[in-house]
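1. Return atomic coordinates for the entry below.
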Amino acid sequence: MAASDMTKGSIAGHLIRYSVPLVVGNLFQLAYNAVDSIIAGRFIGKEALAALGTAGPVMNIIILGISGICMGAGVLMSGFFGSGRKEELKKELSTTLLFGLYFSLAVAACGILFSRPLLVLLRVPDSVLDDACVYLTIILSGAPFTYFYNALAAALKSVGDSGTPVKFLMVASLLNAGLDLIFIGFLGFGIVCSAVTTVAAESVSAILTWIYIKKRVPLLHPDKETFRIDPGLLKKTLRYGGVTALQQACQPVGKLLVQGAVNPLGVDVIAAFQAVNRVDDFAFTPEQSISHGMTTFTAQNLGADRIRTEREGRVRDGLRIGLLMEFLYWIFIFLVVFLAREPLMKAFVSGGEGGTVVELGSRYLKTMAFFYLFPAFTNGLQGYFRGRGKMGITLAGTFIQTGIRVAVTYVTAPVLGIYGVAFACAAGWSVMLLFEVPYLLISGKKEKGCRREE
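-> Got it, this is the predicted structure:
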């Protein structure tokens, strides 16, 4: 897929062409962990599934923090592309990559040193602690590969090419699944192998993306003059990316705290929670992909060389169309999860030992299918605000949602188990909308006033 200029042409067409490959790519990325969970649960046992579940929130904090930095850099790169500042585009990618080298190595070192103390602090049961610690340590050792893929993918997406990174994720995901089936399913290796195959697959996706950019996208490939850290751009990148990383990491921090409320409820509940989290991730991913499309669309159009009235009108049309796409997607995912909740749960566990896990998870998903409507709209608004550079609003909204969700979980989980977590999520999203929708309306009136003055 070639670079795409979103400042002209059909808005719906741009958002669909951008979002659909991104949905596919993100689903394949989620397939890394889902395949690990399914194979671990079916071939090793529910203890292995629980170990992955307890390590998952810690792992996601790091991964989403990394992707947040890259998303912030992508907003800047989209603006440079929209305004035709190609040299600045290369400098921004170089700055992001070189900063990420040091950052991701530090993340890997911290993961190796502090995995066990953190899991102990989270009250992980002794029966799964060793497996969870080994899995988490190996996964975090692969942080440099995770960072480089996300940074390079963000660069391609910033110029409207959301399709190419998908191809490399597909290769990596199929490789991960194939290695898991061979070494765990047929040869009987344990959870260590699950982590090693995931890191190997991530390294493949990073290497393939770099080779593609070097050979096929000279617009992005840094040269000797631009391959350095630009202090001014680094400051902007950290301002945009730091806030976005904090926002991205906020969600898994919330999951980590929620996991702390779930862990004392026993292995069956932990395993069920691990499985429904995977289903939730697959349900949320297309909503987030549409949101990312809205971010790139908004940033490119605001950076375009046109008068303000035309730019703002096109951006507002993009918001309306994006939110409509989010709503239509919710209708689809509601039907899938509500009708197929039991088969979805049965994919994660086998035989009689998983009966309780399936029952717990199915009850959760039956209710959660209705609640997926709320994040459809919160994701759409977040993507719009990010594209406008309103990082403070997106961060505040995420903090509100996470805080409410965690607080309600600690009240409801001891009584209702993971079923209470579903209501806690709905409460958090509702309050988030009550914060963001009034801000959208007020800011819209101010923008209209500015345009009339012009």
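2. wait, P21 sits on V166?
-> Yes: in this structure, P21 is within contact of V166 by Cβ atoms under 8 Å, at 4.8 Å. (C-beta placed from N, C-alpha, C; glycine too.)
3. can you list residues touching both of those two?
-> Counting by Cβ atoms under 8 Å, 6 or more residues apart in numbering, P21 and V166 have no contacts in common.
4. Point to the residue nearest the middle of the protein.
-> For the chain, the residue nearest the mean C-alpha position is L64 (5.9 Å; Cα atoms, centre = their mean).
5. That one contacts V253, correct?
-> No: under the criterion of Cβ under 8 Å, L64 makes no contact with V253, lying 9.4 Å away.
6. per-residue pLDDT, the residue nearest to the centre of the chain?
-> pLDDT for L64: 74.
7. what's it in contact with, if anything?
-> Here L64 is in contact with A245, Q248, A249, Q251, P252 (Cβ under 8 Å, 6+ apart).
8. The residue nearest to L246 when sequence neighbours are not counted and R386, how far apart?
-> Nearest non-adjacent residue to L246, counting by Cβ to Cβ, 6 or more residues apart in numbering: L395, 6.1 Å away. Remark: distance between L395 and R386 (Cβ to Cβ, to the nearest Å) = 10 Å.
9. Then K91?
-> Counting by Cβ to Cβ, the gap from K91 to R386 is 21 Å.
10. of these two, who's got more company?
-> R386 (27 against 23; other Cβ atoms under 10 Å).
11. Run through the neighbouring helices and strands of the host helix or strand of that one.
-> Take DSSP states H and E as the rule and R386 turns out to sit in helix 373-387. Applying 3 or more Cβ pairs under 8 Å, 6 or more residues apart in numbering; DSSP states H and E, we find helix 373-387 packed against helix 46-82, helix 267-302, helix 308-339, helix 391-416, helix 418-453.
12. how does it look with 6 Å?
-> Packing contacts for helix 373-387, counted by 3 or more Cβ pairs under 6 Å, 6 or more residues apart in numbering; DSSP states H and E, involve helix 267-302, helix 308-339, helix 391-416, helix 418-453.
13. From the chain's centroid, how far away is that helix?
-> Centroid displacement of helix 373-387 relative to its chain, using Cα atoms, centre = their mean, to the nearest Å, is 13 Å.
14. Kindly report the same for stretch 267-281.
-> Averaging C-alpha positions (Cα atoms, centre = their mean) puts stretch 267-281 18 Å from its chain's average.
15. For G142, which non-adjacent residue is spatially closest?
-> In space, G142 is closest to V199, 3.5 Å off (Cβ to Cβ, 6+ apart).
16. got it, and L136?
-> Spatial nearest neighbour of L136, chain neighbours left out: A55 (4.1 Å); criterion: Cβ to Cβ, 6+ apart.
17. for V421, same thing?
-> Ranked by Cβ to Cβ, 6+ apart and with sequence neighbours excluded, the top spatial neighbour of V421 is T409, at 5.5 Å.
18. Below-threshold pLDDT in the stretch 251-400 of the chain: ranges please.
-> The model of the stretch 251-400 of the chain has pLDDT under 70 over residues 304-310, 350-354.
19. how does it look with 90?
-> Applying pLDDT under 90 to the stretch 251-400 of the chain picks out residues 251-286, 288-289, 292-293, 295-318, 340-363, 386-395.
20. Most neighbours among the contacts of L64, which one is it?
-> Tallying neighbours with other Cβ under 10 Å puts Q248 at the head of the contacts of L64, with 26 neighbours.
21. what's near enough to touch that one?
-> The contact partners of Q248, by Cβ atoms under 6 Å, 6 or more residues apart in numbering, come to L64, G65, S67, G68.
22. Next, count neighbours for the third one.
-> Burial of S67, expressed as a neighbour count using other Cβ under 10 Å, amounts to 25.
23. still on that earlier bit, for the contacts of Q248, which one is nearest V349?
-> L64 (26.5 Å; Cβ to Cβ).
24. Okay, that closest one and F297: tell me how far apart.
-> Look at L64 and F297: by Cβ to Cβ, they are 22 Å apart.
25. just A55 next, same as before
-> Where F297 is concerned, A55 sits at a distance of 36 Å (Cβ to Cβ).
26. before we move on, what about L118?
-> Taking Cβ to Cβ, one finds L118 at 38 Å from F297.
27. These two: which is more packed in?
-> The residue with more neighbours, out of L118 and F297, is F297; 31 against 17, by other Cβ under 10 Å.
28. How about the contacts made by the more buried one?
-> Going by Cβ under 6 Å, 6+ apart, F297 touches M6, G318.
29. Which member of the contacts of L64 is positioned nearest L76?
-> Using Cβ to Cβ, the contacts of L64 come closest to L76 at A245, 13.9 Å.
30. is it true that T209 touches K167?
-> No: between T209 and K167 there is no contact under Cβ atoms under 6 Å: 9.3 Å.
31. who's more crowded, those two?
-> Legend: neighbour count by other Cβ under 10 Å for T209 and K167, higher for T209 (24 against 18).
32. what comes up buried for the host helix or strand of I213?
-> Secondary structure assignment for I213, by DSSP H and E: helix 191-216. By neighbour count with 16 or more other Cβ atoms under 10 Å, helix 191-216 contains the buried residues 191, 193-199, 201-210, 212-213.
33. Mind pulling up the pLDDT for I44?
-> 65.
34. cool, and K445?
-> For K445, the model assigns a pLDDT of 66.
35. so what's G241 up against?
-> Counted by Cβ under 6 Å, 6+ apart, G241 has contacts I69, G72, A73.
36. ok, and the closest non-adjacent residue to it?
-> Per Cβ to Cβ, 6+ apart, closest to G241 is G72, 3.0 Å.
37. How about the contacts made by the one you found?
-> Contacts of G72 by Cβ under 6 Å, 6+ apart are Y240, G241, T244.
38. 8 Å instead, please
-> Counting by Cβ under 8 Å, 6+ apart, G72 touches T237, R239, Y240, G241, G242, V243, T244, A245, M391.
39. which of those tops the neighbour count?
-> Among the contacts of G72, G241 has the most neighbours (other Cβ under 10 Å), with 30 neighbours.
40. Tell me how far the closest residue to I333 other than its chain neighbours lies from A143.
-> Spatial nearest neighbour of I333, chain neighbours left out: A283 (5.0 Å); criterion: Cβ to Cβ, 6+ apart. For A283, the distance to A143 equals 26 Å [Cβ to Cβ].
41. higher neighbour count, the two?
-> A143 (26 against 23).
42. Can you pull the phi/psi pair for that one?
-> Dihedral angles of A143 (phi, psi; degrees, to the nearest 10) stand at phi -60, psi -40.
43. Okay, it and L101: tell me how far apart.
-> 11 Å.
44. Over to V349?
-> From V349 to L101 the distance is 40 Å (Cβ to Cβ).
45. Which of these two has more residues huddled nearby?
-> V349 (25 against 14).
46. CSV for the helices and strands packed on helix 373-387, including distance to G160?
-> Converted to CSV, the helices and strands packed on helix 373-387 look like this (distance: least, Cβ to Cβ, whole Å):
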stretch, distance to G160
helix 267-302, 7
helix 308-339, 14
helix 391-416, 22
helix 418-453, 25
